[in-house]
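Enquirer: Sequence below, structure please.
(2 chains)
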Amino acid sequence: MLKIKSLCLFATLLCAIVVSSSYAQQQDYKTGPDAERKAGVPQGTVTKGVWDKSEIYPGTVRDYWVYVPAQYDAKKPACLMVFQDGGGFVNEKGHTRVPVVFDNLIHTKEMPVTIGVFINPGVVPAANAKDKPRRNRSFEYDSLGDQYVRFLLEEILADIGKSYNITSDPAGRATCGNSSGGICAFTAAWERPDSFGKVVSHIGSFTNIRGGHVYPALLRKTEKKPIRVFLQDGENDLDNLHGNWPLSNKQMAAALKFSGYDYKFVLGTGSHSARHGGAIFPDTMRWLWSDYTK
Amino acid sequence: MIRLFTLSSFVALFTASLLHAQDMPLSDVLIDGEGWQLVSEGHKFTEGPAVDAAGNFYFVDVPSDTIFKHDVESGKTSTFVQGAGKCSGLMFGPDGRLYASQNANRKVIAIDAKGTIEVIAEELGANDLVVDSKGGIYSTDPKEHQVWYVAPGGEKRVVAKDIETPNGIILWGDQSTLVVADTRGKHLWAFRVEADGSLTQRSPIYTCRLPLGETASGADGMTVDSQGRLYVATALGVQMFDSQCRISGVILKPQQAFLSNVVFAGKDLDVMFVTTADKVYRRKTKATGLRYTSKK
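Expert: Here you go, the predicted structure:
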């Protein structure tokens, strides 16, 4: 009886140690002063729209937001940054607080005048309003191929381009996302490096959700494309049926290095969370745009 | 102290499991040690697995034109109807009758408990079918690459075209989305179901795993469960998709032969039955099938 009891205690302790070792190491990532409003820094404008006329993703409806910095001058082409799961990124109280960071860094000239486009994934509403809509996110973000980037270029960005002067230089055009939105950002640039020359992926799903685990192999055996890549992941990120996120991101970083890409990989201790990527986002922007001097 | 530590560990574990909740691995459905069990053998080409209100399982041996009933309580398999017209697709409707598609005769029929047959629609492609909670029927027409809808009352029309080989067909649990398996392609096609039964907003959101070097999945019969998962019989096995239409994995076939269809039956709808060439198999799972119910 005593033996069983002590065995149980030992098992409990072991379990506690294993669990605590994998979770207790996580750093508490927080956004910093660059993500706070500062006196004297001009604020850009954020305008919300609804895109419900997609032909590339028929029947989908989604919200999107356009951030235009106060320094924007219609006579000069602005840079562009497109965010997947845009609603989370555009939120000034959210994980990354992009409008605030952009205002601050554009003001200090640490990044160029950049228009931000924040796009949510589509849903196909059910015919009966009581039924749940069909979520199109995984299909749009995790699928390989050019369907999503065509949606960006031919639909939403073509429409926004009617109102704003945006550079066509791929080095001035970035795309960013978390998780499936991260692999989506990479796929957009991989398919159309003539349109997107910069990628930011946080906790990117370079795993086999819909075949995205092949990218490290493709990178190693494809002539280098002109894409600057920032990757962030955490050692406590997911390990599930689709794959192992830290290993997949390490494979991506190793393949980018092997093929001579201009890249940066930050591996922290976080889980499948937007917090670390959001906390370091101002520095990520400084690095991402440091080669852009136009 | 230890107790406190353990409690916090469990909280951490619970939080982690919430993060993972969207993932649906095969282990959520398969039970260790519960493999395929033979239900019936000695047939030529089995198809049309179906479940009645009590959970009893039905299937058809197409060449011998025999529909069988497998009583889940007694475990006995017996002839339900002989000579119903070489039906291939079967499904119970909201009126308790067994609806069946006669591929060669191009008819959809309904069979009551006594075996009495009523013709519901004629002169339409009828390889496989799904019956909604109002008695509307969708049936696949592989030869003409299209899908038919038979409204309650019997009026029929084509509601989807240009699918290479439409074969298996199923509705989501809430009947808002219809899915069609394309045997010669790699996708299952999803459609929005409109109030009048029309199909719109077609999208290839389910991508099947293919046998290496092949371009066709061999996708055929399908079923869905209470958690929004979808199961499709393919050349590689039963492919399982999660509620976001992402492949969760492949459940291996019980024998190296053509796998035609899959359904959940049993008293608790937790037993997966598959039809494969000469045999029918079952295995207990952690999943629960569903029946379509009318909306309030």
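Enquirer: host element of the residue in the stretch 151-296 of chain B that chain A sits nearest to?
Expert: At 3.1 Å from chain A, B:Gln201 is the closest residue in the stretch 151-296 of chain B, using Cβ to the nearest Cβ. Bear in mind the C-beta positions are built from the backbone N, C-alpha and C, glycine included. For B:Gln201, the host element (DSSP states H and E) is strand B:199-207.
Enquirer: still on that earlier bit, mind listing what the residue of the stretch 151-296 of chain B closest to chain A touches?
Expert: Applying Cβ atoms under 8 Å, 6 or more residues apart in numbering or on different chains to B:Gln201 gives the contacts A:58-59, A:124, B:191-192.
Enquirer: Dump these to JSON lines, plus distance to A:Gly87.
Expert: As requested, the contacts of B:Gln201 are arranged in JSON lines below (distance: Cβ to Cβ, whole Å):
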{"residue": "A:Pro58", "distance to A:Gly87": "22"}
{"residue": "A:Gly59", "distance to A:Gly87": "20"}
{"residue": "A:Val124", "distance to A:Gly87": "18"}
{"residue": "B:Phe191", "distance to A:Gly87": "27"}
{"residue": "B:Arg192", "distance to A:Gly87": "23"}
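Enquirer: Secondary structure for those - can I get that in TSV?
Expert: TSV is the format used below for these (DSSP: H, G, I helix; E, B strand; the rest coil):
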residue	secondary structure
A:Pro58	coil
A:Gly59	coil
A:Val124	strand
B:Phe191	strand
B:Arg192	strand
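Enquirer: which of those residues are buried?
Expert: A:59, A:124, B:191-192 (16 or more other Cβ atoms under 10 Å in any protein chain shown).
Enquirer: that older thread, and for the following helix or strand past the strand holding B:Gln201, what are the contacting residues?
Expert: Where DSSP H and E defines the elements, the next helix or strand beyond strand B:199-207 is strand B:222-224. Identification of contacts with strand B:222-224 by Cβ under 8 Å, 6+ apart yields B:168-173, B:179, B:181, B:188, B:230-233, B:261-264, B:289-290.
Enquirer: Now strand B:222-224: average pLDDT?
Expert: Mean pLDDT, computed over strand B:222-224, is 98.
Enquirer: A:Thr108: how many residues sit nearby?
Expert: 12 (other Cβ atoms under 10 Å in any protein chain shown).
Enquirer: residues from the stretch 51-200 of chain B in reach of chain A?
Expert: B:174-177, B:190, B:192-195, B:200 (Cβ under 8 Å from any Cβ of the partner chain).
Enquirer: Whichever of the residues you listed end up buried, select them in ChimeraX.
Expert: To isolate the buried ones among those in ChimeraX, judged by 16+ other Cβ under 10 Å, type:
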select /B:174,175,176,177,190,192,193
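Enquirer: Out of the residues of the stretch 51-200 of chain B next to chain A, which is nearest to A:Val214?
Expert: B:Ala190 (24.5 Å; Cβ to Cβ).
Enquirer: Contacts only, for that closest one.
Expert: B:Ala190 touches A:134, B:177-179, B:202-206, B:245, counting by Cβ under 8 Å, 6+ apart.
Enquirer: Could you give the bridge partners of it?
Expert: Beta bridges link B:Ala190 to B:Val179, B:Ser203, judged by DSSP bridges.
Enquirer: Same check on A:Tyr64?
Expert: Applying DSSP bridges to A:Tyr64, the residues it is bridged with are A:Gly49, A:Ile119.
Enquirer: from what I can see it touches A:Asp159, true?
Expert: No - judged on Cβ atoms under 8 Å, A:Tyr64 makes no contact with A:Asp159 at a distance of 9.7 Å.
Enquirer: Just the pLDDT at the closest residue to chain B within the stretch 1-150 of chain A, thanks.
Expert: Nearest to chain B in the stretch 1-150 of chain A, going by Cβ to the nearest Cβ, is A:Gly59, at a distance of 3.1 Å. A:Gly59 carries a pLDDT value of 95.
Enquirer: Spatially central residue (nearest the centroid) of chain A, please.
Expert: Closest residue to the average C-alpha location of chain A: A:Gly177 at 1.3 Å, with Cα atoms, centre = their mean.
Enquirer: Find the nearest non-adjacent residue to it, please.
Expert: A:Gln84 (3.4 Å; Cβ to Cβ, 6 or more residues apart in numbering or on different chains).
Enquirer: From A:Leu152, how far out is the one you found?
Expert: 10 Å (Cβ to Cβ, to the nearest Å).
Enquirer: Then A:Pro246?
Expert: A:Pro246 is 29 Å from A:Leu152, by Cβ to Cβ.
Enquirer: A:Ala78 is in contact with A:Gly44, correct?
Expert: No - here A:Gly44 lies out of contact with A:Ala78, judged by Cβ under 8 Å, at a distance of 10.8 Å.
Enquirer: overlap in contacts of the two?
Expert: A:69, A:72.
Enquirer: next one: stretch A:180-198 to chain centre, how far?
Expert: Offset of stretch A:180-198 from its chain centre (Cα atoms, centre = their mean, to the nearest Å): 10 Å.
Enquirer: Check the model's average confidence along that stretch for me.
Expert: For stretch A:180-198, the per-residue pLDDT averages 98.
Enquirer: now check that stretch, is it near chain B?
Expert: No - Stretch A:180-198 is not in contact with chain B by Cβ under 8 Å from any Cβ; minimum separation 9.7 Å.
Enquirer: how about that stretch: buried residues?
Expert: A:180-192, A:195-198.
Enquirer: Which members of those residues occur in helices, if any?
Expert: Among the buried residues of stretch A:180-198, the residues falling in helices (DSSP state H) are A:180-191.
Enquirer: Contact partners for the residue nearest to A:Ala189 when sequence neighbours are not counted?
Expert: Nearest residue to A:Ala189 in three dimensions, chain neighbours excluded: A:Phe196, at 4.0 Å (Cβ to Cβ, 6+ apart). Neighbour list for A:Phe196: A:82, A:149, A:170, A:173-175, A:188-189, A:227 [criterion: Cβ under 8 Å, 6+ apart].
Enquirer: among these, who's most crowded?
Expert: A:Thr175 (30 neighbours).
Enquirer: Look up how far A:Asp52 lies from it.
Expert: Taken as Cβ to Cβ, the span from A:Thr175 to A:Asp52 is 22 Å.
Enquirer: Ok, A:Thr60 next?
Expert: Distance from A:Thr60 to A:Asp52, by Cβ to Cβ: 8 Å.
Enquirer: for B:Leu38, same thing?
Expert: According to Cβ to Cβ, B:Leu38 and A:Asp52 sit 52 Å apart.
Enquirer: Got phi/psi on the closest residue to A:Ile209 other than its chain neighbours?
Expert: Setting aside the residues directly before and after it, A:Ile209 is nearest to A:Asp142 in space (Cβ to Cβ, 6+ apart), at 4.2 Å. Note on A:Asp142: its backbone torsions stand at phi -90, psi -20 [degrees, to the nearest 10].
Enquirer: And B:Tyr231, by the same measure?
Expert: For B:Tyr231, the backbone dihedrals (degrees, to the nearest 10) come out as phi -120, psi 130.
Enquirer: wait, what's in contact with it?
Expert: B:222-225, B:238-241, B:251, B:262, B:272.
Enquirer: pLDDT weak spots in the stretch 101-250 of chain B?
Expert: For the stretch 101-250 of chain B, no stretch is flagged by pLDDT under 70.
Enquirer: so where do the helices sit in it?
Expert: Read by DSSP state H, counting those that start in this stretch, the stretch 101-250 of chain B holds no helices at all.
Enquirer: now the stretch 101-250 of chain A
Expert: A:137-142, A:147-150, A:157-160, A:180-191, A:215-220, A:245-258.
Enquirer: Go through these and pick out the most buried.
Expert: Compared across the helices of the stretch 101-250 of chain A, helix A:180-191 shows the largest average neighbour count, a mean of 26 (mean count of other Cβ atoms under 10 Å in any protein chain shown).
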